[in-house]
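J.: here is my input, please return the structure:
(chains A and B)
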2 protein chains.
Amino acid sequence: MKSAYELIQDKQTGKENTPEELKILVNGFTAGDIPAYQMSAWLMAVYFQGMTPGETLAYTRVMLESGRRMDFSYLDGFAVDKHSTGGVGDKVSLILGPLLAACGCYVPMISGRGLGHTGGTLDKLDSIPGYRTGIELDEFKKIVETVGISMIGQTDDICPADRAVYALRDVTSTVASLPLISGSIMSKKIAEGISGLVLDIKCGNGAFMRTEEEAELLARLLLKVGQDYGLKVSFSVTDMNQPLGNAAGIWCEVRESIDILKNQAPADILEVILTLGEQALVLAGQEGNLRKKLSRALQDGSAYEKFQQMVSAQGGAAASLENPATNTPQYETVITAPVEGYFYQIDTLQAGLAVIALGGGRKIQSDTPDPTAGFILLHKIGDTLKAGEPLVKLFCSNSRKLEEGKLILSRAVTIDTKPPDARKLIYGTYP
Amino acid sequence: MKSAYELIQDKQTGKENTPEELKILVNGFTAGDIPAYQMSAWLMAVYFQGMTPGETLAYTRVMLESGRRMDFSYLDGFAVDKHSTGGVGDKVSLILGPLLAACGCYVPMISGRGLGHTGGTLDKLDSIPGYRTGIELDEFKKIVETVGISMIGQTDDICPADRAVYALRDVTSTVASLPLISGSIMSKKIAEGISGLVLDIKCGNGAFMRTEEEAELLARLLLKVGQDYGLKVSFSVTDMNQPLGNAAGIWCEVRESIDILKNQAPADILEVILTLGEQALVLAGQEGNLRKKLSRALQDGSAYEKFQQMVSAQGGAAASLENPATNTPQYETVITAPVEGYFYQIDTLQAGLAVIALGGGRKIQSDTPDPTAGFILLHKIGDTLKAGEPLVKLFCSNSRKLEEGKLILSRAVTIDTKPPDARKLIYGTYP
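T.: Prediction:
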């Protein structure tokens, strides 16, 4: 049997690690037998050398088999989930989950925290007073069965090896590796026991994948791994060159999600929701005018009802959702347009970092986010602005952080005399 | 100030680390403020991305300035040292050091242990009964002053940061990086306080640099760093496609060194010694027929006398050098030629691993080598062999290990009906 040293060396020099070797490496690290400094050297070698499709699949399997794999195939409906590679203002899960449940699907959704400059569904759920994201898998299962949807955080039972490796990747700059991303995402999704998965692969200056080509490469990799495990998989490559919708932060995104669930959606996010929703219902084998069916569930309140039912089932105070006193920020300020012109572009990564500066994210793992922090874009790219016209509203509960976030965000926006080029919202879909 | 994470990311994405950043990274790691898992990720990123000449110089400076830098410029002669990148049977330091001292140079030599499959001068010195390799720098200095040469191991005072980083590189497969090798070698040599350095860059199937091109690349890098510190530097690129001389192991190499110091040298190692020796004396500003001068010091016993004086000064029993009872192996065996033919080639890396298997090296850092272990090549590449003729003699003090080493070494030699191509011993010299 090869030593950890030899497994690093093999990867480093372009040789393949066998499935058995990947198992020994990952499980050895998780058990504490292989030190973190060897694992991180291996991870960096993977960053540079990549993995073959066979290695990616085997790596995913090791992650998956390190924990419990659920099964929802006994249900009378299709179990489906959606995963986004992350962005700024990306609150789609909070809306699409209940919407799909309202359309007859079962949605067992295990979400993560904010990553880098991006927001995390779990942080948003945690801002709902009383909502328990840390429930056990058996309770999770029961809520999925009865309500049709449950949204929780990763538990110790699900892919514990991924948790351990992920924590190391997060501090060693080895997150941005397609096969490692793929293993991490897909093992957790497969462990959910779903039959179908819709992937929202973000691309643009606020996404981990900057270009359409990179995004599609990741999408195809995730698709292949999912299909190898018998999942039905669809994907869309969607734009992240500006925040999605208007709100970015924590509670402000929950609030905007509620507005959308009540059929008051900004055009861009509505289009993303309907595109992904339609893909999910196709995977579920539904037929007819599916976009119309989804729109109706937003119009008739059934999607919002599912959301409220889920919040109640998980201990949340449904009344607090509509209470203006919930998570009210102590401070707020406004960035105005310095000159007349077109809202030309926004550095969306910096916009995400502005949310973190406001307190709405983590600089180090142990930070607790301020649920009141965030911003609302009062205009989208392409809008015309008068000099002095309000462009962004920012808020949080720490006056120093408010100024810090304002500084970052004010530098991230560009006003120009010429209009921006036409942009796409949906770059492509599969199938 | 950037975080360790950002310094990893910069290196990973091809950006330069500044001198100040390298200092913070290396010293932070040495002090325990930056965890080993971040340092190893950075080291692996360096392995893939390399360093600019400026980074290499700055990295060397950090290593150097982490400890004490000696100074022998007050002496009435030239302080010179020799460094080899390592091989199998490479005992040149044990001979060349005393030889240069006999020719009027001062030789303050700090040596290392065996690395990978290669032997280390320090392990050989440790096999001399009584010899103290761990003396303090002040005593080292005094012996250099009075005898003209002292050979010791790395102390805590010399480049402590290199010790810490090296230990990590050794277990994370990040040794084979030119700038890291350069920083490690040159910081220690510059710290010795020498004025001149001769480099023996090994190349071939038993060297870390497999090709002449790689070897020359490393040589030029070491040369540049040395010259930037005001050292006079020469180098030779020499062959390591078979063990150098006849003996490879621990005590057997000390014994062969004594034979050579007594003017009984195999042709190949003698040529390497005279080539490097001449380069050293040129650096020292000596003129005339320097090869003849070196040969005479071997013939008239003055080089051996220096060796004996040094051994005595460092507490060794000079009488033990000639005593056949010193480090006598308990077991020995012979590998014979299985067929008639030419000794066509030897996998020298495997030959080095055979020494380790015999007990003459370390599989893990905490192993204590068996000083009796080693082998003697009874023929060199190109010799004709009869079937059944003894080819290698192996010995050590553990019968199981003897068989293990024999198996590895017997697989490493190739006999063929056709003679091998002509080979070079010295590929090139500079200047």
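J.: quick one: the helices in the stretch 201-350 of chain A?
T.: Assigned by DSSP state H, counting those that start in this stretch, the helices in the stretch 201-350 of chain A fall at A:212-228, A:251-261, A:267-283, A:290-299, A:302-313, A:348-355.
J.: where do the strands sit along chain A?
T.: For chain A, the strands defined by DSSP state E occupy A:80-84, A:107-111, A:149-153, A:196-203, A:232-239, A:247-249, A:331-336, A:341-346, A:374-377, A:384-385, A:390-396, A:413-416, A:426-430.
J.: just name the most buried of those strands.
T.: Comparing the strands of chain A by mean neighbour count (mean count of other C-beta atoms under 10 Å in any protein chain shown), strand A:247-249 comes out on top with a mean of 32. Just so you know, the C-beta spots here come from the backbone N, C-alpha and C atoms, and that holds for glycine as well.
J.: just give me how far it sits from the chain centre.
T.: The chain centroid and the centroid of strand A:247-249 are separated by 14 Å, computed with C-alpha atoms, centre = their mean, to the nearest Å.
J.: domain parsing for chain A?
T.: Split into domains by automatic domain parsing, chain A comes to A:4-50, A:80-322, A:331-416.
J.: wait, which of these is closest to B:G89?
T.: domain A:4-50 (24.5 Å; C-beta to C-beta).
J.: so how far is the closest one from its chain's centroid?
T.: Here the centre of domain A:4-50 is set off from its chain's centre by 27 Å, with C-alpha atoms, centre = their mean.
J.: how about the worst-scoring helix or strand of chain A on mean pLDDT: buried residues?
T.: Averaged element by element with mean pLDDT, DSSP states H and E, chain A has its least confident helix or strand at helix A:160-172 (a mean of 92). Buried residues in helix A:160-172, counted by 16 or more other C-beta atoms under 10 Å in any protein chain shown: A:160-166, A:168-169, A:171-172.
J.: from those, pick the one nearest chain B.
T.: Nearest to chain B, judged by C-beta to the nearest C-beta, of the buried residues of helix A:160-172 is A:T172 at 3.9 Å.
J.: give me the pLDDT for the residue lying closest to the closest one once chain neighbours are set aside.
T.: Distance criterion C-beta to C-beta, 6 or more residues apart in numbering or on different chains; nearest residue to A:T172, sequence neighbours excluded, is B:A41 at 3.9 Å. On pLDDT, B:A41 comes in at 97.
J.: what do you get for A:V147?
T.: On the pLDDT scale, A:V147 gets 98.
J.: same deal with A:S366?
T.: 77.
J.: give the contact list for it.
T.: By C-beta atoms under 8 Å, 6 or more residues apart in numbering or on different chains, no residues touch A:S366.
J.: how near is it to chain B?
T.: 15 Å (C-beta to the nearest C-beta, to the nearest Å).
J.: now swap in A:T328 and tell me
T.: Taken as C-beta to the nearest C-beta, the span from A:T328 to chain B is 34 Å.
J.: and what of A:L223?
T.: With C-beta to the nearest C-beta as the criterion, A:L223 and chain B are 27 Å apart.
J.: do the same with A:H117
T.: A:H117 is 14 Å from chain B, by C-beta to the nearest C-beta.
J.: skipping adjacent residues, who's closest to that residue in space?
T.: Leaving aside its chain neighbours, A:H117 sits nearest to A:G352 (3.1 Å; criterion: C-beta to C-beta, 6+ apart).
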